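> Have a look; sequence and predicted model below, questions after that.
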Amino acid sequence: MAAQQKIAGVKGMNDLLPDQSGLWEWVEARVSEVFRQYGYRAIRTPILEPTALFVRGIGEVTDIVEKEMYTFTDALNGEQLTLRPENTAAVVRSVIEHNLLYDGPKRLWYVGPMFRHERPQRGRYRQFHQFGIEALGMPGPDIDGEQLVMIHRLWQSLGLDGDQAPRLELNSLGELVERQAHRKALIEHFQSHASILDADAQRRLLTNPLRILDSKNPAMQPVIQSAPLLTDFLGDASRVHLAAVVETLERRGIAYSMNPRLVRGLDYYNLTVFEWVTDRLGAQGTICGGGRYDSLIEQMGGTPAPACGFAIGVERLIALLQEVAAPALPPALDVYVVHWGEASERAAMQVAEQCRSAGLRVQMHCGEASLKSQMKKADQSGAQCAVLMGEDERTQGVVTVKPLRAEGGLIQQDRVSIADAAAVICGLLKRRENKDS
Ligand code: HAM
């Protein structure tokens, strides 16, 4: 048969390999723990949703909806479907569909893959992952402030301290009437500089002029810099809301900077918006983004209810950790069980199961191999110790415990009874942990 051609994965979509997965699991455990500390409960929604959900939810004139969505027609029933580019619209859909707000506000969190057809580069992928939070039904600035405090706690729990942690940029997008007045002023401003606008900006001028502020086109930066600021159009209630969020940050000693040009790339926001950014990852330095979206639930057909949330890009967060503060992860394996002789294999399995019942991570050698080659595999496995079971051990009812990484002779090779093996190994590893800490 002719050699088959290899099939490569989809561009911009990554495999998470075992050498990396330990760090992902560590981060996931920490993040979900902090979310739970603030009373958030998990929600899982499908990765496919009707296309209309994102068009209506995110906004027709946004980069995501205009050019980044993986949209297709289901050949089996003609439905228009989209791989979720973000999860806020989907959570809102689910909350409405299951009437989750019937008995009061809800705090929800999620983690999972999102899909955007962007040009791949470091920190920007076509499949990426987000940790996300949506707090639904709470109108006051207290929940906005609490979410920022929670994110700050999260950086700390990941070991990102001081200037290693992302820094917070904050803005208020005000309410609809304020944005409309600002929009009018923006259109007038850009119209008076029409010759400088590129084709994209020309097109957006009358549909969504706020998006022009997102443009990275260097030629347009002067006209963007001199554009009227939404801040100058905020009414009293919006100012009071923002001041309360700022007050929480100051009370908790969380540094922030006001960025009046922060508009976010999705249309559903009002009042508080924020991003946490780092300079350590090149162009894709936004680790987390979010804000308030008080009209989205109503816009998606639900009973009006305010809401506030954010999402963290997992790949970017992991890249930052690897750059500045990669944690020392616990070993993936505690014990490698080596055995020779048919009868010993059964006894070895009994010891392996006893060790697993005691909470140890155990890999038992599979297949025929010499003692030497099994010991080599044990060493390569990264396990802390090998448990050896041969005919001699089996007939005496013992195992040999051999340290594999006992720098400084911490654990001596020893024979222990089968019945005691699990407890002895737990004790030895605990001692090691204490010595290391
Ligand atoms: P977003 O700003 O579009 O917001 O995305 C949040 C985060 O996801 C970004 O700050 C970034 O870290 C990460 N991210 C976005 N696109 C990519 C990509 N192509 N590759 C790698 N990472 C990426 C949202 O998605 C909103 N749903 C957040 C939200 C929740 N607002 C309210 N609730």
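Nice, I can see it.
> Phi, psi for the closest residue to Leu100 other than its chain neighbours please.
Nearest residue to Leu100, sequence neighbours excluded (C-beta to C-beta, 6 or more residues apart in numbering): Lys106, at 5.4 Å. For every residue, glycine as well, the C-beta is placed using N, CA and C. For Lys106, the backbone dihedrals (degrees, to the nearest 10) come out as phi -130, psi 140.
> and Lys106, what is it in contact with?
Arg41, Val95, Leu100, Ala135, Leu136, Gly137 (C-beta atoms under 8 Å, 6 or more residues apart in numbering).
> Just the closest of those residues to the ligand, please.
Ala135 (8.9 Å; C-beta to the nearest ligand atom).
> my guess is Pro209 contacts Ile187, does it?
Yes - assessed by C-beta atoms under 8 Å, Pro209 is found in contact with Ile187 at 5.3 Å.
> These two: which has the busier surroundings?
More neighbours surround Pro209 than the other of Pro209 and Ile187, with 22 against 14 (other C-beta atoms under 10 Å).
> and the closest residue to the more buried one other than its chain neighbours, what element?
Of all residues beyond its chain neighbours, the one nearest Pro209 is Leu186 (4.4 Å), with distances taken as C-beta to C-beta, 6+ apart. Under the criterion of DSSP states H and E, Leu186 resides in helix 176-191.
> which SS state does Gly289 fall under?
Following DSSP: H, G, I helix; E, B strand; the rest coil, we place Gly289 in the strand state.
> That one bridge partners, please.
Beta-bridge pairing of Gly289 under DSSP bridges involves Glu275, Ala311.
> and the closest residue to the ligand within the chain, what pLDDT?
When scored by C-beta to the nearest ligand atom, the chain has Gly313 as its residue closest to the ligand, at 2.3 Å. If you check Gly313, the pLDDT there is 98.
> Enumerate the residues of the stretch 201-350 of the chain near the ligand.
By the rule C-beta under 6 Å from any ligand atom, the part of the stretch 201-350 of the chain lying against the ligand is 265-266, 286-290, 293, 309-311, 313, 315-316.
> list the contacts for Met114?
Arg84, Pro85, Glu86, Asn87, Gln127, Phe128, His129, Gln130.
> didn't the first one look like it was pressed against Arg93?
It refers to Arg84. No - contact criterion C-beta under 8 Å: Arg84 and Arg93 do not qualify, at 10.3 Å.
> what sits in contact with each of the two?
The contact lists of Arg84 and Arg93 share Thr45, Glu49, where a contact means C-beta under 8 Å, 6+ apart.
> And the residue nearest to Pro209, how far from Asp232?
Per C-beta to C-beta, to the nearest Å, Leu186 is found 12 Å from Asp232.
> Neighbour count: those two, which is higher?
Between Leu186 and Asp232, Leu186 has the larger neighbour count (other C-beta under 10 Å), namely 21 against 11.
> pretty sure the more buried one contacts Leu210?
Yes - the criterion here is C-beta under 8 Å, and Leu186 meets it with Leu210 at 6.9 Å.
> Now do the same contact list for the residue nearest to Pro209.
Taking C-beta under 8 Å, 6+ apart as the criterion, Leu186 is in contact with Pro209, Leu210, Ile212, Ala227, Pro228.
> From Met364, how far out is the first one?
With distances defined as C-beta to C-beta, the gap from Pro209 to Met364 amounts to 65 Å.
> where are the low-confidence patches of the chain?
For the chain, the stretches with pLDDT under 70 are 1, 406-411, 431-437.
> the domain parsing of it - what is it?
What automatic domain parsing lists as the domains of the chain is 18-175+235-324, 335-431.
> Quick one: distance of the longest one to the chain centre.
Mean-position distance between domain 18-175+235-324 and its chain equals 10 Å (C-alpha atoms, centre = their mean, to the nearest Å).
> The shortest one now?
Here domain 335-431 shows a centroid-to-chain-centroid distance of 37 Å under the convention C-alpha atoms, centre = their mean.
> Next up, phi/psi of Val387, please.
When read as degrees, to the nearest 10, the backbone of Val387 gives phi -110, psi 120.
> Just give me the neighbour total for the residue lying closest to Ala343 once chain neighbours are set aside.
Nearest non-adjacent residue to Ala343, counting by C-beta to C-beta, 6+ apart: Arg394, 6.1 Å away. Residues near Arg394, counting by other C-beta under 10 Å, number 19.
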